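Undergrad: Just to be clear, the model below is a prediction. Sequence and coordinates:
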Amino acid sequence: GYPRALVGTTPTVSKTITVQNFSGAAMTLATGYSVRSDWGGAVVSVSPAFVTVPATGTALVTVTLTLNATQSNLNVGGDPLFSITGKTILHEESGYVTLTPISGGQTAIRVPVYAAPHLTSDMYAETEVEIAGDTGSSYVLLSGDGFDLGPDANDHLSLVSAYQLLATDGVETGLFWDADNSGTDDPDEELTDYSYADVEYVGADLQASSATRNYLYVGIGMHGEWNSPRDLFVEVYVDVDNDTVDDYVWYYGSGASDSFSVSFVPLADGGAYSFGNVVNYFAGQSFDSMLLKNNVLVMPVIVTDTINFGDPGFPNWVGGPINVTVLTYQRDSDFSFPIDTVSGVYEQSIAFGASPWKITRNLYANLDGATLDFDYDVTGLSPLPQIMTIHHQNDDAESRVQITDLAQITGETFALLSPADDAYVRDAADVTEATWEELTGAATYTFTLTQLSVSRGDGNTKASKTAQIARPAASRTGGQGNALGRSRRGDAGS
């Protein structure tokens, strides 16, 4: 299976083996475990050490997998039988439980054990970011429990990718197999298990990979989890020249392991082509993005390639809106219509840029205190666009896609009226209130009193310190003994 271990925890998973004795005499077996491939954070134990199976009877043996998500030397090597050339790395713990008769010379019994464990995070993005003016820069603050365990940060890092939200979609209902090919809905044929192909969120982000190529990363979140992306088909149709006619369809195929190659068909040409990209492709990085037992994925879609595209059958995006449609199918299903179809229009008003936590393009380290920095231009837009973040390794499936609203502050300045901005106050007790001219739309302000020095009466001074207090914007008077500061976003005075 695909057990998950939230960082900082040591969860266990137990399974039982039933041992049956077909002979007429009791038999005692020594139990053990033989490792085939070892994941550094996994420990397999077998109990009891000896088991006696009565004549013509049965006995139980318990196999327990303990995932140690606190140690820093986790081995992230994949199965040595696989050539790891794709986006993800399959962490594996495998081997055999051995049941060896202690007498009689009979051959030991071997029972295979396999798990593909994943280290998971519990990270969150701000639900709202305040912006001032129609254009500018800001950031989304991340908080929670992520992981960066090393020694190879590329393989031990919790990841988040950022998008502009295009569409949300509810749970699909009323889907039928029509197994008898009657053409009518039969209650006995209604589908009940397709949530892993039922789209809930679609987002997109435009990134230039070179002077000649632009990628549109399409992030997709489902209502339920798949065991593997092989469980479903995902197709992404794009209209790059905004003529309401789709120009390309991008899709992925099954790989030999957990790497899924992405190909495309120019709809006017009809041929199938590939640039060697894979699902969750971010500039060729080999990060573990937990594609197995998940409900989020990213399709890398090339919308501009001035070297390989350009003739009428291969149009290039040259600016303006890009129409995006996501179709999903249940793999090996007996019906000919998709599970879900969700469409949206991408026109860039949010551009994710440089950040100390940026890895590449729109991919960032998902760590407490990290920021997703962005520029925005929301001139004339109502409602304001929303930011969609995919927290690829979050333990909770419902928290892997998160939405951040933009709240526009309509004022231009934050004016402190009393005491004056940057005023020096001899004694904090002299500050009895603070008043200000507020910005429309601001939810909170932070007032900061910075103590530069205080005489101790012995010729020395205390260390400097800073105190803060937050007050609602609706209150126009600050608290006693506190002064002067600003909200993080709002271009306020300090």
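TA: Cool, got the structure.

Undergrad: Can you tell me the SS state at Asp422?
TA: coil (DSSP: H, G, I helix; E, B strand; the rest coil).

Undergrad: count of neighbours near it?
TA: Neighbourhood size, Asp422 [other C-beta atoms under 10 Å]: 10. C-beta here means a position set from N, CA and C on the backbone, and glycine is covered the same way.

Undergrad: Pull up the gap between it and Thr435, please.
TA: Asp422 is 16 Å from Thr435, where distance means C-beta to C-beta, to the nearest Å.

Undergrad: got any ranges where the stretch 1-150 of the chain has weak pLDDT?
TA: The stretch 1-150 of the chain contains residues with pLDDT under 70 at 71-90, 150.

Undergrad: which residues of it fall in strands?
TA: Secondary structure of the stretch 1-150 of the chain (DSSP state E, counting those that start in this stretch): strands at 4-6, 12-20, 27-37, 42-47, 50-53, 58-67, 93-101, 109-115, 118-120, 122-125, 128-132, 135-145.

Undergrad: Now tabulate those in CSV and tack on distance to Leu267.
TA: Formatted as CSV, the strands of the stretch 1-150 of the chain follow (distance: least, C-beta to C-beta, whole Å):
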stretch, distance to Leu267
strand 4-6, 39
strand 12-20, 46
strand 27-37, 43
strand 42-47, 46
strand 50-53, 62
strand 58-67, 46
strand 93-101, 43
strand 109-115, 41
strand 118-120, 37
strand 122-125, 36
strand 128-132, 38
strand 135-145, 36
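
Undergrad: I'd like to know which of those is closest to Ala407.
TA: strand 128-132 (5.0 Å; C-beta to C-beta).

Undergrad: Can you list the buried residues in the closest one?
TA: For strand 128-132, burial by neighbour count (16 or more other C-beta atoms under 10 Å) applies to 129-132.

Undergrad: what's the answer for stretch 51-71, then?
TA: Going by neighbour count (16+ other C-beta under 10 Å), the buried part of stretch 51-71 is 51, 53, 59, 61, 63, 65, 67-69.

Undergrad: try stretch 203-221
TA: Within stretch 203-221, the residues that count as buried by 16+ other C-beta under 10 Å are 203-207, 209, 213-221.

Undergrad: end-to-end on that stretch?
TA: This stretch, stretch 203-221, spans 9 Å end to end (C-alpha to C-alpha, to the nearest Å).

Undergrad: how much distance is there from it to the middle of the chain?
TA: Here stretch 203-221 is found 17 Å from its chain centre; the criterion is C-alpha atoms, centre = their mean, to the nearest Å.

Undergrad: what about that stretch, average pLDDT?
TA: Averaging pLDDT along stretch 203-221 gives 95.

Undergrad: same thing with stretch 165-180?
TA: 84.

Undergrad: what residues does that stretch touch?
TA: With C-beta atoms under 8 Å, 6 or more residues apart in numbering as the test, stretch 165-180 has contacts from 184-186, 189-191, 194-195, 198-204, 223, 324, 333-335, 339-340, 342-346, 385-388, 403.

Undergrad: List only buried entries from those residues.
TA: 189, 191, 194-195, 198-204, 223, 324, 333, 335, 339-340, 342, 344, 346, 385-388.

Undergrad: got the CA coordinates for stretch 129-141 in PDB?
TA: C-alpha atoms of stretch 129-141 as PDB (Å, rounded to 0.1, in the frame of the first residue of the first chain):
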ATOM      1  CA  VAL A 129      -3.800  38.800   1.100                       C
ATOM      2  CA  GLU A 130      -4.400  42.600   1.200                       C
ATOM      3  CA  ILE A 131      -3.100  44.600  -1.800                       C
ATOM      4  CA  ALA A 132      -2.900  48.300  -2.300                       C
ATOM      5  CA  GLY A 133      -3.700  49.800  -5.600                       C
ATOM      6  CA  ASP A 134      -4.300  48.200  -9.000                       C
ATOM      7  CA  THR A 135      -0.700  47.200  -9.500                       C
ATOM      8  CA  GLY A 136       2.100  46.200  -7.200                       C
ATOM      9  CA  SER A 137       3.800  43.300  -5.400                       C
ATOM     10  CA  SER A 138       2.900  41.200  -2.400                       C
ATOM     11  CA  TYR A 139       3.200  37.600  -1.100                       C
ATOM     12  CA  VAL A 140       1.400  34.700   0.400                       C
ATOM     13  CA  LEU A 141       2.700  33.600   3.800                       C
END
